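# predicted structure and sequence below. I'll ask about it afterward.
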Amino acid sequence: MSPLSSADPALIDDLVDANHILGMQGVLDAFGHVSVRHDRSPAHFLLARNMAPAQVCREDIVSFELDGTPVDAGDRRVYLERFIHGAIYRARPDVMAVVHSHSPAVVPFTVSRRERLRPVCHMSGFLGGGAPVFEIRDVAGDGTDLLVRDDRLGRALAQVLGPSHCVLMRGHGSTTVGPSLKLAVYRAVYAEVNARIQSQALQLGDPQYLSAEEAQAAMASTEGQVDRPWALWKAAARAIR
Ligand code: MN
């Protein structure tokens, strides 16, 4: 039985909804992607074929080995940066879903030498003490196209992510992870929201950030209610499908 046919059909529905939600929220556009770990085979993950997330249907979902090898793509093209997902699932057994995004408010924090992306409000406690930044030059030198296009780069990214929930990628975007698809989507949306608010706060000057203790406590209380935004976003995304 192929990994795809043994996956919970409800998980595939959720993955399709996640693609549409992230498109609607402006976290993914024509680029970026969201994956989920297979519910019965932890050595596989599910990800759409190479296409704009907002247009993904059930039939577009493909299963992959953790080294990025597509199992059932046939002759369909797959995402160049699928290695991001597999490498993180290998390094982090607790991670069940991954969002890779170029969402625009986050990008300034990938290039600033001074300011890090840090939690400025209770909705983004998952940013903890600040998101680490992956510098592709450290691994691949100068002259890359900045894409994580092989497993070696994927492993280097996963190493910089470490135990965090979000890693920034210099001059490129970010990757957000979670213990469920809903939480990975929630965090990707609020990483973008936090970045917007943080940039505004920096313009006012000298922002106060959540302490590590506040970030931890706020994360526990807001993320316990993830079903609420998920239901709202899913209904909105399905209404325009
Ligand atoms: Mn990318």
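Nice, I can see it.

# got phi/psi on residue 124?
As for residue 124, its main-chain torsions (degrees, to the nearest 10) stand at phi -120, psi 40.

# to clarify, my last question referred to residue 178.
phi -160, psi 160.

# beta-bridge partners for it, please?
residue 97 (DSSP bridges).

# and it, how many residues sit next to it?
24 (other C-beta atoms under 10 Å). Glycine gets a C-beta too; all of them are placed from N, C-alpha and C.

# ok, now how distant is it from residue 13?
Distance of residue 178 to residue 13, computed by C-beta to C-beta, to the nearest Å: 18 Å.

# return the residues in contact with the closest residue to residue 135 other than its chain neighbours.
Using C-beta to C-beta, 6 or more residues apart in numbering and skipping the chain neighbours, the partner closest in space to residue 135 is residue 170 (5.1 Å). Applying C-beta atoms under 8 Å, 6 or more residues apart in numbering to residue 170 gives the contacts 110, 111, 133, 134, 135, 136, 137, 146.

# once you drop chain neighbours, what's closest to the second one?
If I follow you right, that is residue 111. Residue 111 sits nearest to residue 171 (C-beta to C-beta, 6+ apart), 5.7 Å away.

# wait, the one you found touches residue 109, no?
No: shown here, residue 171 and residue 109 do not form a contact pair, counting by C-beta atoms under 8 Å, at 11.3 Å.

# what are the phi and psi angles of the residue lying closest to residue 38 once chain neighbours are set aside?
In space, and not counting its chain neighbours, residue 38 is closest to residue 44: 4.1 Å by C-beta to C-beta, 6+ apart. Backbone torsions of residue 44, given as degrees, to the nearest 10, read phi -130, psi 150.

# was I right about residue 44 contacting residue 68?
No: applying C-beta under 8 Å as the test, residue 44 and residue 68 come out as separate, 11.4 Å apart.

# look at residue 171 and residue 109 and report which has more neighbours.
residue 109 (23 against 12).

# how far away is that one from residue 184?
In terms of C-beta to C-beta, residue 109 sits 19 Å off from residue 184.

# what's the answer for residue 237, then?
In terms of C-beta to C-beta, residue 237 sits 16 Å off from residue 184.

# please say which of those two ends up with more neighbours.
residue 184 (26 against 20).

# helix or strand with the lowest mean pLDDT in the protein?
Least confident helix or strand, the chain: helix 3-6 with a mean of 93, by mean pLDDT, DSSP states H and E.

# list the contacts of it.
With C-beta under 8 Å, 6+ apart, helix 3-6 has contacts from 38, 40, 41, 44, 46, 61, 62, 63, 71, 72.

# and that helix, what's buried?
3, 4 (16 or more other C-beta atoms under 10 Å).

# then stretch 31-50?
32-38, 44-49.

# kindly report the same for stretch 163-170.
164, 165, 166, 167, 168, 169, 170.

# turn those residues into a markdown table, columns for distance to residue 153 and secondary structure.
Shown next, in a markdown table, are the buried residues of stretch 163-170 (distance: C-beta to C-beta, whole Å; DSSP: H, G, I helix; E, B strand; the rest coil):
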| residue | distance to residue 153 | secondary structure |
| --- | --- | --- |
| 164 | 18 | coil |
| 165 | 20 | coil |
| 166 | 18 | strand |
| 167 | 13 | strand |
| 168 | 15 | strand |
| 169 | 10 | strand |
| 170 | 13 | coil |
